[in-house]
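[1] quick one, what's the 3D model for this:
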Amino acid sequence: MNDGASIRPSWWYLSVGVALAAVGCGLFVYFVWNGLSHMTDPVTQIVVPGEADLKLTRPGRYTVFLEEQSVVNGRIFSNAKPIVGLKCSVRQNNAGGGDILMRKASSSISYSLSGRSGRSVMEFSIREAGGVSVRMRI
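    Numbering: from 1, shown residues only. Next up is the predicted model:
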């Protein structure tokens with residue numbers, strides 16, 4: 001009953017499998033690249049001296065980054081010199097709001113992405129979500 005003819009899948013099945021794998025790899029690379037290149041989009045930027053009102057949606061720790069290379073509202077900023085005397089204050093905007101304690105960043109984080117580069121310099125924590133006013137000056 002075995003007449004020696006073996007059944008093999010056609011090359012067409014192999015080419016479909018390779019094409020699907022290539023499309024899957026291409027989509028993976030696209031989504032990773034797109035996600036990384038837009039990672040800094042929701043970040044609020046403040047040109048020093050300056051201030052901004054933020055709505056923080058979760059309690060927790062927030063980090064302040066100092067950008068050495070940046071683009072803000074179409075203007076290019078570049079600063080390779082160390083910043084001496086940078087002062088940052090954060091104030092809670094609710095009814096009993098007061099100054100929030102600022103401290104040196106507990107971890108050293110730096111990034112370089114989409115024409116922007118920076119490093120962590122300060123951090124603060126909030127116990128409840130809400131608005132805060134951030135003021136930065138030298």
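[2] buried sites along the longest strand belonging to the chain?
    In the chain, taking DSSP state E as the definition, the longest strand is strand 60-72. Within strand 60-72, the residues that qualify as buried by neighbour count (16 or more other Cβ atoms under 10 Å) are Tyr62, Val64, Phe65, Leu66, Glu67, Glu68, Ser70. Any C-beta I mention is one placed from the backbone N, CA and C, and that applies to glycine too.
[3] list the beta-bridge partners for the closest residue in space to Ile109 that isn't next to it in sequence.
    Spatial nearest neighbour of Ile109, chain neighbours left out: Ser120 (4.3 Å); criterion: Cβ to Cβ, 6 or more residues apart in numbering. Beta bridges link Ser120 to Phe65, judged by DSSP bridges.
[4] quick one: neighbours of Ser120, just the number.
    17 (other Cβ atoms under 10 Å).
[5] gap between it and Ser108?
    Using Cβ to Cβ, to the nearest Å, we find Ser120 at a distance of 6 Å from Ser108.
[6] ditto for Leu27
    Computed as Cβ to Cβ, the Leu27 to Ser108 distance reads 34 Å.
[7] what does Gln69 give?
    Going from Gln69 to Ser108 by Cβ to Cβ gives 18 Å.
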